[in-house]
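K.L.:
return a 3D structure for these sequence lines:
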Amino acid sequence: MQPIDAYQDTAVRARRFLSLHDGLMNTRQRGIRADWKSSFNRLMHWKQSSGIQRVDSRDAIIVLREGSGLQPDDFTKESLDDLLRSSLTFGVSALDRYVHERVIKGFVSAYRAGNLNRQQREFNIPVTLAMEIVEKNRKANQSGHIVRPANEIRKAVQEILHKRPFQSWREVEYGFCLIGVTGLAGKLQAIFGVGDFGSIKKQLNKIAERRNHIVHEGDLARHQRGGAVKPQKIERKFVEDSLEFLDDFVGALEQA
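P.N.:
Residues are numbered from 1 along each chain as shown. This next block holds a predicted model:
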């Protein structure tokens, strides 16, 4: 699997949440006509006394049978806003996984190249992992099996780095330093063709910050003391713009 494949797979899933949000929004303003209800129950071979509710969205008609775990309120804007939050979360996860894959695949060869930068020199693995690698190699040599030390190192680095997020600008820049790519801001500025790269950093950090607020705080509005518990507003345009930005950003990283 190539890093860009990992990104694209998760990015597609992020947009699926956006499509579900758009396609499930209830636009119906009135109850079901008695004749429509009777005809539908007859079509489904349900009892005429069966209670049903109808949701009309842009792309579908959804009929909820009495006793269903779903209610029309589940298709309101307020309820479906959680699909927007899920979409944004998956979009940032796509970037995170992409950078992880780039770092894991490029880590060993970057260190072999020599002339290490500060981030590479300061990166270390726990002693326990180092001892495990040494012991595995010792046992392999005794049994005549072949163990590739570079693969074992890559696995150890992978275990460490998958605990570390690569979502904000600082984190992404650090990840690329580990594989010997320095001056990332300048490279991306040239690729984007912008005079000031600060706005791109700011936009990425804003997206990552909102993702963290969703994941770690339920996207609830912050209050001083008291006040009703309610989520922050989230606009569809912000989510769509964020996904498009992440596509462009990862596309630029591919060229860096």
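
K.L.:
which residue ranges of the chain form helices?
P.N.:
3-24, 34-43, 77-112, 118-122, 127-143, 149-161, 169-178, 184-192, 198-217, 236-255 (DSSP state H).

K.L.:
for the third one, give the mean pLDDT please.
P.N.:
What helix 77-112 shows for mean pLDDT is 95.

K.L.:
mind giving me the packing neighbours of that helix?
P.N.:
If you count contacts as 3 or more CB pairs under 8 Å, 6 or more residues apart in numbering; DSSP states H and E, helix 77-112 packs onto helix 3-24, helix 149-161, helix 169-178, helix 198-217, helix 236-255. The way it works is simple: take the backbone N, C-alpha and C, and place the C-beta from them, glycine included.

K.L.:
for I125, which of those helices is the nearest?
P.N.:
I125 sits nearest to helix 149-161 of all the helices and strands packed on helix 77-112, at 5.3 Å, using CB to CB.

K.L.:
what is that closest one packed up against?
P.N.:
Helix 149-161 packs on helix 77-112, helix 127-143, going by 3+ CB pairs under 8 Å, 6+ apart.

K.L.:
show me which positions of that helix end up buried.
P.N.:
Neighbour-count burial for helix 149-161, counted by 16 or more other CB atoms under 10 Å, picks out 152-153, 156-157, 161.

K.L.:
mean pLDDT lowest for which of the helices and strands packed on helix 77-112?
P.N.:
Checking each of these, the one with the poorest mean pLDDT is helix 149-161, at a mean of 79.

K.L.:
quick one: contacts of that helix?
P.N.:
100, 103-104, 107-108, 125-126, 129-130, 132-133, 136-137, 175 (CB atoms under 8 Å, 6 or more residues apart in numbering).

K.L.:
relative to helix 77-112, how tilted is that helix?
P.N.:
Put simply, helix 149-161 runs at 150 degrees to helix 77-112, going by axes from the mean of the first three to the mean of the last three CA atoms, to 10 degrees.

K.L.:
so how far is helix 149-161 off the chain centroid?
P.N.:
24 Å (CA atoms, centre = their mean, to the nearest Å).

K.L.:
tell me the angle of it relative to helix 169-178?
P.N.:
Going by the same axes, to 10 degrees, helix 149-161 makes 170 degrees with helix 169-178.

K.L.:
189 is where my numbering starts, stick with that
P.N.:
Noted, 189 is the first residue going forward, which turns the last one into helix 337-349.

K.L.:
ok, back up a step: need the buried residues of helix 337-349 in TSV with distance to T264, can you?
P.N.:
TSV is the format used below for these (distance: CB to CB, whole Å):
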residue	distance to T264
E340	53
I341	52
A344	49
V345	46
L349	41
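
K.L.:
from the residues you listed, which single one is nearest R300?
P.N.:
Using CB to CB, I341 comes nearest to R300 of the buried residues of helix 337-349, at 10.6 Å.

K.L.:
if I look at that closest one, how far off is G302?
P.N.:
From I341 over to G302 the distance is 16 Å, taken as CB to CB, to the nearest Å.

K.L.:
could you identify which of the helices and strands packed on helix 337-349 is most buried?
P.N.:
The highest mean neighbour count among the helices and strands packed on helix 337-349, using mean count of other CB atoms under 10 Å, belongs to helix 265-300: a mean of 20.

K.L.:
quick one: it to helix 386-405, angle?
P.N.:
Using the same axes, to 10 degrees: helix 265-300 against helix 386-405 is 120 degrees.

K.L.:
which among the helices and strands packed on helix 337-349 is found nearest to D436?
P.N.:
Distance to D436, taken as CB to CB, is lowest for helix 265-300 among the helices and strands packed on helix 337-349, at 11.3 Å.

K.L.:
so how far is the closest one off the chain centroid?
P.N.:
Relative to its chain's centre, helix 265-300 lies at 5 Å (CA atoms, centre = their mean).

K.L.:
returning to what we had before: which pair in the contacts of helix 337-349 has the greatest spatial separation?
P.N.:
Every pair of these checked by CB to CB; the farthest is N325 and G363, at 27.5 Å.
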